[in-house]
Every structure is written in structure tokens, then in C-alpha cells.
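Trainee: Sequence isn't available, so here's the structure alone:
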């Protein structure tokens, strides 16, 4: 009798089937080659099923020196409400090629990326993706020699280092997305336009501000840029202030959907109707949020699915190696388009 | 020279250090016992460092038959915006005892829980937690014999099965939390009270409705229960309708913070001031949300941290076994309190 808290071994299977361990091994590895009788093969398979014996993936891995497992290091994606789509798409791309993704979230432990890479390497992952929730710059991670690494949503501090390290990264085109938002306002006749930006000069914030300004400049419009923040109440507060002024904007671009949510609420409280009196565009196309606001929010989508999928596809190509024709590094960074998602928060500018 | 895409082995270390593989093994396993000279020990350590050689956790695991790894099977927690706190707290509790958590999200593949348990068992995890984003009933998962399993936020379809399977589960006290919300309204003088509930008769919805009704009954108050839904726009729509009636409620309990967010927005659009004209209580205490609404939302907190931490602690105690004194099963289900988080969306009832 096997204790309920010990896993069955091939020796247990051998004992139950009344055969040798070598026979068990041959049967379960499909290498009987006429040396094991049909009856004994049957006995081994039945005994293994009865005991719930599973071949050890670890033992198999040690022979093959690969585990078909990818380590996904994230700063806080798995445990925060944001950017989960990247992890989902990456894992789905891996699953299609029969790879399993092991996630390790840095917010959980006081680990650095380098620690996480080492811990995952000890578990013999075949490759690593380092994905950050927000777009940030990071130092070159130290990974064990020979361990393929792809970056997702983060870029190396200094472009030269990245090239030297041979790392590919996948980034959203924040700049181009913001230009799309600006164009939408300009083409619907808005001239008094404001942007609620962040208050910390983040990578994403700077790119979105620059894109918004540059595009509006082509129409001869200069937007007001307000340092608001990233959260609902930041959007509420800044919008309440804007709408209390004598010449409030008719077009409002928000650095993030959350901020736009606060802006819609503040507009309602001020008796300003969206989109009749005020058009609003967000950024992110956040799940369960942008499409659930009232009115449903027109926004610029972060291409998180595409980023996650392409990063994983790139890593798996690296694993297959150059001979597969898929092992060449893509020119880094790979910048992925942020499309406009049209909903109901934008209308033609009201007569001023 | 080692190819950049092959991991160094102990043979590589031996060659570089000019010693045998047996010597490398003894030095790196700390078992030199006077048989390896200081100079050779030094050479091995230097060679290992230069090559970036890491001992294989898999090889170590095979010897010890344990991996200090826990498999966390989730339905969609890791990739959805919700309930990440449970996973975070569970992983932190594991990290404190030097266990690593491997997350496998069922939304990623077309796997059942049973498939996931098998895949993780092949990777020799020491134990499993099955955690669901929302509180649901599930069939008894089929896990390999001897594999300890703890449930988190889900309960077994039939109570007898759970007892037979010897499974412990950790659930939030939705019922008691809803009683707290009701008491808060009653004690601040509200008599016209409504609840925006779900429209699908979920476990959480039924428990929250029952608690809310039962507590108000003690004050002789019968609330209006409206089948609204779980999202922002559900709250907006239902609240707009309520406030358009001749006798609108002065106290509004929302099944979830998201619904309360929509309610606050609809109140603003109707010119109804919160909390002066209308008091609102949510449920969840969702990160980056409840405290960021305007006004900051008074709510009933889901105890996700405590649930995640206790589930992991319980599993690790099971792994230590009964001799440690910590291996006894807790009486299941373990129901964890949902406290009232007081913010600024509740005031005394206005004169009617």
C-alpha cells in the first residue's frame, strides 16, 4: 500500500505488475522491441494507471536537456490588474507550440530580474521573457550564459548596450497612437484641445505628449498639457478644474483610460455632456473598462496581445536556432502600432 | 569554447578546471571531506563562476524527490484584472518558506483543471492550489495520487464530496460582509434602501443578497433588490433608472465596486450629490479603484490577501506532514471575514 502523501515511483509500478523496473521503463518509454510479452505490457500499463503513476517530466528533461518550458519574469503583471493581456497572448503563443509558461512575479519577492533569471534557469527553462507592466528602461539583465532572452514592454537603458547584448524588445508605438488621437480631434473640428498627461515624465507619458503636440502642430493648434497623473481621481480633479475655466477645451485627450473615466465623471458633475459639449479620447483600451464607461470610450489601444504574441514567437524562433531559418534577431526595438478604437465619446466640435 | 546557445555542464567545468567530473561534483556539493586540495577546490569554483555554471535544480530534485515548487492553477486570475491579490499573497507566503510558485492559467489553453494538475505534476511540483477569480462551485479535481491540493475561492459541488476528498477551501464571508453594509445604512438612519445585485444568481451574489436582506429585516426594512450586473455600465444604467423614480433610495448597496463606480457617475449626471443625497457602499475594495473614485468609496473588502496567505500556509503545513503538528486539515470551508472599509461615500440619511 502506498502512503497517500508519497508519489508512486516506477518501482511501485514494477512491484504491482510483478515485473522488473527495466521492463516498466521499456514499456512506458515505448521501447519494448519484441522483448516484453503483450501480457506484461498490459500489466504494466494497468498498474501505472491504477497507481496514477506519471512519468517525470524532470527525468525526461535531463535526458533531452530541454524542458519545453519558458520562464516569464514580470514586474507585477500577474498580480496587478494591468497588462495581463500581454502575458495571456504570450502564453497562448507558447501553448500552440506545446510549451508551458512559468510565471515569476518580481513584486512577490525581493528579487531582482537577475535573481529571477537564475532561479528559473535552475529549473531548466529553455528561454526567458522579461515583461514589464509599464513601458520602462532597464539595465541589461544578467542571465546565465546561453539562455535566450526577449524583452517585452521594456527597453535597455542605452541603445548601444542593447545592440551589444543582442536583445530584441517589443514596444507599443505610443507616439504614433497619440498622433492618431490628435488627428481625430483636428478632423472633427476641435481647436481648443487639452491633454491630461502624467506627473512623472514616464517613457509612455513623454512619447504620448510628443506625438499629440507634433500632430496638432501640423494643424496649427497648440494643446494645453496638464500634469495630472494616472488614476481615476487624477482625471476627475484635473477635468473639474479645466471645466471651471472661462474657455474650457472641447477636446480632451487622457493619458490613460482610467484618467478618462474620472474625466467623464467630472464632466457629468459639471453638467457638461459628453460628447455633445466635450469630446474625450483615452489610451490603453483597458479590458472591462473603456467599453464599459458611459458613453463607451473612444480610445487608442495598447497592442498588448500582439506584443505578447510576437515576443513569444521571436523567443521560440531563437530556440529553434539559426538553422530553422527563424533564428535571426529582428531589428530591435520592434515598434507595434496603437490603433484608434472608435466608440461614442467623440463628436464634432460644438460652435464656440 | 562553449557555444553561446548551449548551457555549460559539469563536464565543461571539469575541463576548464583541469580536474575530474567527480571532483567538480564533490566541490559543488560541499562534500570534499579532505579528499580535494584547497587549490583544486578554488579552481573548480573559479571555473564554475567563469562559465556561469548553475547546478541543475532538476538534478537536485530528482535525488530529493521534492522541488520546493508549488503549482498555482487559476482560471484567469493571472491574466485578468481581478483577484491578483490572492495570487500575490499566496506567492509571498510561499517565498517566505523558500518555495517558488509556478502559475498556470486555464484561460490560456483549453485545459481542464485535471489537465493542469497533470502537467504540473509532471514538472514535479510538491503541491497544488486551485484558485478561482470568482467564488464558484467546482467538481472534485482529479489530481495524481499523493499530490496535496488546497482550494481557494472555490468550493466542491456537494459538501459530502469535499469531506470525502479531504480538501480544505478558503472562502470570503460574503454573507457577513453584506450584513455589515446593511447595518451601516440602518445605523445612519437610512430607510429607503436598494441593492444593485447581479443578474445571474452567482454564489457571491446570492450570499450578498441574503446577508443584506437578513440584516435589514432586523431593522424592519425591506430593500429593493435590482438585477443589474457586474460592470460599470450596469451600475450606471440601473442607478439612472432608480434616481428617475418618485421615491429614489437614499442608501445604495452595490454588488461590486465597479457597479458602484457606475452608480456614482449616474448620480453626478442626475445632479444627485454623494453622500449628501445618496449614500453608496460597494463590495471588493478593488485595488486602484475603490479609493480612487470621487468621493472615495466606502466598501466591504474581499479578504483576498488573507485568503491567499492562509491557503498557502495550509498547503505548506500539509507538505511538512502530520508529524510537524501542522499537517491536520482545517475544518473546511474556512470562512474569512469581509471588513467594512470606511471612506467618504456614506452620510446620515437626508430628511425625506
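Mentor: Cool, the structure landed. Fair warning: this is a prediction, and the values are worked out from it, not measured in the lab. Numbering: from 1, shown residues only, chains lettered A, B, ... in the order given.

Trainee: Flag every residue of the stretch 101-250 of chain A that's near chain B.
Mentor: Taking CB under 8 Å from any CB of the partner chain as the measure of proximity, the stretch 101-250 of chain A contacts chain B at A:101-105, A:107-109, A:118-119, A:121-124, A:144-148, A:231-233, A:236. Every C-beta, even on glycine, is put in place using the N, C-alpha and C of the backbone.

Trainee: Where does the prediction get shaky in the stretch 201-350 of chain A?
Mentor: A:322-330 (pLDDT under 70).

Trainee: most centrally placed residue in chain A?
Mentor: For chain A, residue A:86 is the residue whose C-alpha lies nearest the centre (CA atoms, centre = their mean; 2.2 Å).

Trainee: From the contact counts, what lies against the helix ranked longest in chain A?
Mentor: Taking DSSP state H as the criterion, chain A has its longest helix at helix A:304-320. Judged by 3 or more CB pairs under 8 Å, 6 or more residues apart in numbering or on different chains; DSSP states H and E, helix A:304-320 is in contact with helix A:84-96, strand A:127-138, strand A:149-156, strand A:168-172, strand A:334-336.

Trainee: picking up where we left off before, buried subset of the residues of the stretch 101-250 of chain A next to chain B, written for ChimeraX?
Mentor: Command for ChimeraX that selects the buried part of those, burial taken from 16 or more other CB atoms under 10 Å in any protein chain shown:
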select /A:101,102,103,104,105,107,108,109,118,119,121,122,123,124,144,145,147,148,231,232,233,236
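
Trainee: that older thread, pull out the buried residues from the longest helix of chain A.
Mentor: Across helix A:304-320, burial judged by 16+ other CB under 10 Å covers A:304-319.

Trainee: quick check: angle from that helix to strand A:127-138?
Mentor: Here helix A:304-320 runs at an angle of 130 degrees relative to strand A:127-138 (axes from the mean of the first three to the mean of the last three CA atoms, to 10 degrees).

Trainee: Now whichever residue of the stretch 101-250 of chain A sits closest to chain B: phi and psi?
Mentor: In the stretch 101-250 of chain A, the residue that lies nearest chain B is residue A:122 (3.7 Å; CB to the nearest CB). Main-chain torsions, residue A:122, degrees, to the nearest 10: phi -60, psi -30.

Trainee: Look at it and report its pLDDT.
Mentor: Model confidence at residue A:122, expressed as pLDDT, equals 79.

Trainee: Distance-wise, check it relative to residue B:69.
Mentor: In this view, residue A:122 and residue B:69 are 11 Å apart by CB to CB, to the nearest Å.

Trainee: Confirm for me that residue A:85 is in contact with residue A:308.
Mentor: Yes: between residue A:85 and residue A:308 there is a contact under CB atoms under 8 Å: 6.8 Å.

Trainee: Can you report how many residues lie near residue A:210?
Mentor: Residue A:210 has 14 neighbours, counted by other CB atoms under 10 Å in any protein chain shown.

Trainee: which residues touch it?
Mentor: Going by CB atoms under 8 Å, 6 or more residues apart in numbering or on different chains, residue A:210 touches A:175, A:178.

Trainee: residue boundaries of the strands in chain A?
Mentor: For chain A, the strands defined by DSSP state E cover A:69-74, A:100-105, A:127-138, A:149-156, A:168-172, A:193-197, A:224-227, A:251-254, A:279-284, A:298-301, A:334-336, A:340-341.

Trainee: Out of those strands, which is the most enclosed?
Mentor: When those are scored by mean count of other CB atoms under 10 Å in any protein chain shown, the highest mean neighbour count falls to strand A:251-254 (a mean of 30).

Trainee: ok so, going back, contacts only, for the residue nearest to the centre of chain A.
Mentor: Residues near residue A:86 by CB under 8 Å, 6+ apart: A:77, A:131, A:152, A:153, A:304, A:305, A:307, A:308, A:311.

Trainee: make it 6 Å
Mentor: Neighbour list for residue A:86: A:131, A:304, A:307, A:308 [criterion: CB atoms under 6 Å, 6 or more residues apart in numbering or on different chains].

Trainee: Turn the residues you listed into TSV, including distance to residue A:243.
Mentor: Converted to TSV, the contacts of residue A:86 look like this (distance: CB to CB, whole Å):
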residue	distance to residue A:243
A:131	38
A:304	32
A:307	35
A:308	38
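
Trainee: which of the residues you listed sit farthest apart?
Mentor: Within these, A:131 and A:304 form the most distant pair, 9.8 Å apart (CB to CB).

Trainee: which intervals of the stretch 51-200 of chain A have sub-threshold pLDDT?
Mentor: For the stretch 51-200 of chain A, counting by pLDDT under 70, the residues that fall below are A:54-65, A:77-81, A:107-111, A:159-164.

Trainee: give me that answer again for 90
Mentor: Counting by pLDDT under 90, the ranges of the stretch 51-200 of chain A that qualify are A:51-69, A:74-89, A:91-92, A:95-125, A:133-146, A:155-167, A:199-200.

Trainee: from the chain's centre, how far out does the longest helix of chain A sit?
Mentor: 11 Å (CA atoms, centre = their mean, to the nearest Å).

Trainee: What lies in contact with it?
Mentor: By CB under 6 Å, 6+ apart, helix A:304-320 touches A:85-86, A:89-90, A:93-94, A:97, A:126-127, A:129, A:148, A:150, A:152, A:168, A:170, A:326-327, A:336.

Trainee: now stretch A:279-288
Mentor: A:181, A:251-257, A:260, A:263, A:274, A:290, A:297-302, A:341, A:345-347.

Trainee: before we move on, what about stretch A:192-208?
Mentor: For stretch A:192-208, the surrounding residues in contact (CB under 6 Å, 6+ apart) are A:135, A:174-175, A:178, A:185, A:209, A:212, A:223-230, A:235, A:238, A:242, A:249-255, A:259.

Trainee: So which bits of that stretch are buried?
Mentor: A:192-198, A:202-205, A:207-208.

Trainee: start to end distance for stretch A:25-36?
Mentor: 11 Å (CA to CA, to the nearest Å).

Trainee: How far does stretch A:132-144 sit from its chain's centre?
Mentor: Distance of stretch A:132-144 from its chain centroid, counting by CA atoms, centre = their mean, is 13 Å.

Trainee: How about residues contacting it?
Mentor: For stretch A:132-144, contacts defined as CB under 6 Å, 6+ apart pick out A:75-77, A:80, A:82-83, A:113-114, A:117, A:121, A:130, A:149, A:153-157, A:161, A:165, A:203-204, B:52, B:54.

Trainee: Stretch A:40-48 too?
Mentor: Counting by CB under 6 Å, 6+ apart, A:13, A:16, A:17, A:19, A:24, A:27 sit against stretch A:40-48.

Trainee: Contact partners for the first one?
Mentor: Yep, that's residue A:13 we're talking about. Residue A:13 neighbours (CB under 6 Å, 6+ apart): A:24, A:47, A:48, A:53.

Trainee: Looking at those residues, which one is closest to chain B?
Mentor: residue A:53 (8.2 Å).

Trainee: residues near the residue nearest to that closest one when sequence neighbours are not counted, how many?
Mentor: Nearest non-adjacent residue to residue A:53, counting by CB to CB, 6 or more residues apart in numbering or on different chains: residue A:8, 4.6 Å away. Look at residue A:8: counted by other CB under 10 Å, it has 20 neighbours.

Trainee: I'd say residue A:8 and residue A:51 touch.
Mentor: Yes: Residue A:8 lies in contact with residue A:51 (CB atoms under 6 Å); the separation is 4.1 Å.

Trainee: domain ranges for chain A?
Mentor: Using automatic domain parsing, the domains assigned to chain A come out as A:10-55, A:66-172+A:305-320, A:174-302.
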